[in-house]
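Engineer: what follows is a predicted protein model with its sequence.
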Amino acid sequence: MRKHSFTAVLVGLLFVSAVVAAVQVLRLSFATRDLRRLQPKIVEINAHLNLAQALLQDTMEYSKRNPAIDPLLESLNFKTNSAAVASPQSAAK
(Lines give C-alpha, C1' and ligand atoms only; values in the text may rest on other atoms or scores of the structure.)
Protein backbone atom coordinates (compact mmCIF):
# COMPACT_ATOMS: atom_id res chain seq x y z
CA MET A 1 0.00 0.00 0.00
CA ARG A 2 2.85 2.35 0.81
CA LYS A 3 4.39 1.86 -2.62
CA HIS A 4 1.16 2.98 -4.31
CA SER A 5 0.91 6.14 -2.20
CA PHE A 6 4.49 7.05 -3.04
CA THR A 7 3.73 6.63 -6.73
CA ALA A 8 0.59 8.75 -6.35
CA VAL A 9 2.60 11.52 -4.68
CA LEU A 10 5.16 11.44 -7.48
CA VAL A 11 2.43 11.55 -10.13
CA GLY A 12 0.81 14.46 -8.27
CA LEU A 13 4.12 16.36 -8.16
CA LEU A 14 4.63 15.66 -11.85
CA PHE A 15 1.15 17.03 -12.61
CA VAL A 16 1.74 20.15 -10.49
CA SER A 17 5.11 20.81 -12.12
CA ALA A 18 3.56 20.34 -15.57
CA VAL A 19 0.83 22.89 -14.74
CA VAL A 20 3.41 25.37 -13.40
CA ALA A 21 5.54 24.90 -16.53
CA ALA A 22 2.50 25.45 -18.77
CA VAL A 23 1.64 28.67 -16.91
CA GLN A 24 5.21 29.90 -17.27
CA VAL A 25 5.20 29.14 -21.00
CA LEU A 26 1.97 31.12 -21.40
CA ARG A 27 3.42 34.06 -19.47
CA LEU A 28 6.54 33.99 -21.63
CA SER A 29 4.54 33.85 -24.86
CA PHE A 30 2.37 36.81 -23.77
CA ALA A 31 5.43 38.82 -22.77
CA THR A 32 7.13 38.04 -26.07
CA ARG A 33 4.03 39.08 -27.99
CA ASP A 34 3.88 42.37 -26.08
CA LEU A 35 7.57 42.98 -26.69
CA ARG A 36 7.17 42.42 -30.42
CA ARG A 37 4.18 44.74 -30.46
CA LEU A 38 6.06 47.52 -28.64
CA GLN A 39 9.36 47.19 -30.53
CA PRO A 40 8.40 49.47 -33.48
CA LYS A 41 7.15 52.15 -31.08
CA ILE A 42 10.43 52.03 -29.16
CA VAL A 43 12.42 52.40 -32.38
CA GLU A 44 10.26 55.37 -33.41
CA ILE A 45 10.66 57.07 -30.03
CA ASN A 46 14.43 56.59 -30.13
CA ALA A 47 14.54 58.09 -33.63
CA HIS A 48 12.60 61.15 -32.45
CA LEU A 49 14.88 61.49 -29.43
CA ASN A 50 17.99 61.32 -31.60
CA LEU A 51 16.53 63.92 -33.96
CA ALA A 52 15.70 66.27 -31.08
CA GLN A 53 19.17 65.87 -29.57
CA ALA A 54 20.81 66.57 -32.94
CA LEU A 55 18.63 69.64 -33.39
CA LEU A 56 19.54 70.91 -29.92
CA GLN A 57 23.22 70.29 -30.56
CA ASP A 58 23.04 72.19 -33.86
CA THR A 59 21.20 75.03 -32.15
CA MET A 60 23.85 75.24 -29.42
CA GLU A 61 26.56 75.30 -32.09
CA TYR A 62 24.64 78.02 -33.94
CA SER A 63 24.41 80.09 -30.75
CA LYS A 64 28.21 80.20 -30.56
CA ARG A 65 28.30 82.10 -33.88
CA ASN A 66 25.06 84.06 -33.48
CA PRO A 67 24.36 85.02 -29.86
CA ALA A 68 20.98 86.57 -30.80
CA ILE A 69 19.40 83.16 -30.19
CA ASP A 70 20.66 83.02 -26.59
CA PRO A 71 17.53 84.60 -25.02
CA LEU A 72 15.38 81.89 -26.59
CA LEU A 73 17.71 79.13 -25.38
CA GLU A 74 17.78 80.66 -21.90
CA SER A 75 13.97 80.86 -21.77
CA LEU A 76 13.82 77.14 -22.56
CA ASN A 77 16.55 76.37 -19.98
CA PHE A 78 18.87 74.93 -22.62
CA LYS A 79 21.53 77.51 -21.92
CA THR A 80 22.20 79.39 -18.71
CA ASN A 81 23.00 83.06 -18.60
CA SER A 82 26.55 83.05 -17.24
CA ALA A 83 26.55 86.83 -16.69
CA ALA A 84 23.44 86.64 -14.50
CA VAL A 85 24.92 83.80 -12.49
CA ALA A 86 28.20 85.67 -11.94
CA SER A 87 26.49 88.88 -10.74
CA PRO A 88 25.04 87.60 -7.42
CA GLN A 89 28.35 85.97 -6.52
CA SER A 90 30.36 89.12 -7.11
CA ALA A 91 27.77 91.24 -5.26
CA ALA A 92 28.08 88.99 -2.18
CA LYS A 93 31.83 89.66 -1.90
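Structural biologist: Thanks, I have it.
Engineer: what residue ranges in the chain score low on pLDDT?
Structural biologist: Counting by pLDDT under 70, the chain shows low-confidence ranges at 1, 81-93.
Engineer: at 80 instead, please
Structural biologist: Along the chain, segments meeting pLDDT under 80 span 1-3, 80-93.
Engineer: quick check: longest helix of it.
Structural biologist: helix 2-65 (DSSP state H).
Engineer: can you pull the buried residues of the following helix or strand past that one?
Structural biologist: Proceeding C-terminally, helix 2-65 gives way to helix 70-75 as the next helix or strand, assigned by DSSP states H and E. Within helix 70-75, the residues that qualify as buried are residue 73, counting by 16 or more other CB atoms under 10 Å. Where C-beta positions appear, they are placed from N, C-alpha and C, glycine not excepted.
Engineer: off-centre distance for helix 70-75?
Structural biologist: Distance of helix 70-75 from the chain centroid (CA atoms, centre = their mean, to the nearest Å) equals 29 Å.
Engineer: repeat that for stretch 48-61.
Structural biologist: 19 Å.
Engineer: and the contacts of it?
Structural biologist: 69, 73, 78, 79 (CB atoms under 8 Å, 6 or more residues apart in numbering).
Engineer: now do 7 Å
Structural biologist: Residues outside stretch 48-61 that contact it (CB atoms under 7 Å, 6 or more residues apart in numbering): 73, 78, 79.
Engineer: any idea how far residue 57 is from the last one?
Structural biologist: What it means is residue 79. The gap separating residue 79 from residue 57 is 12 Å, by CB to CB, to the nearest Å.
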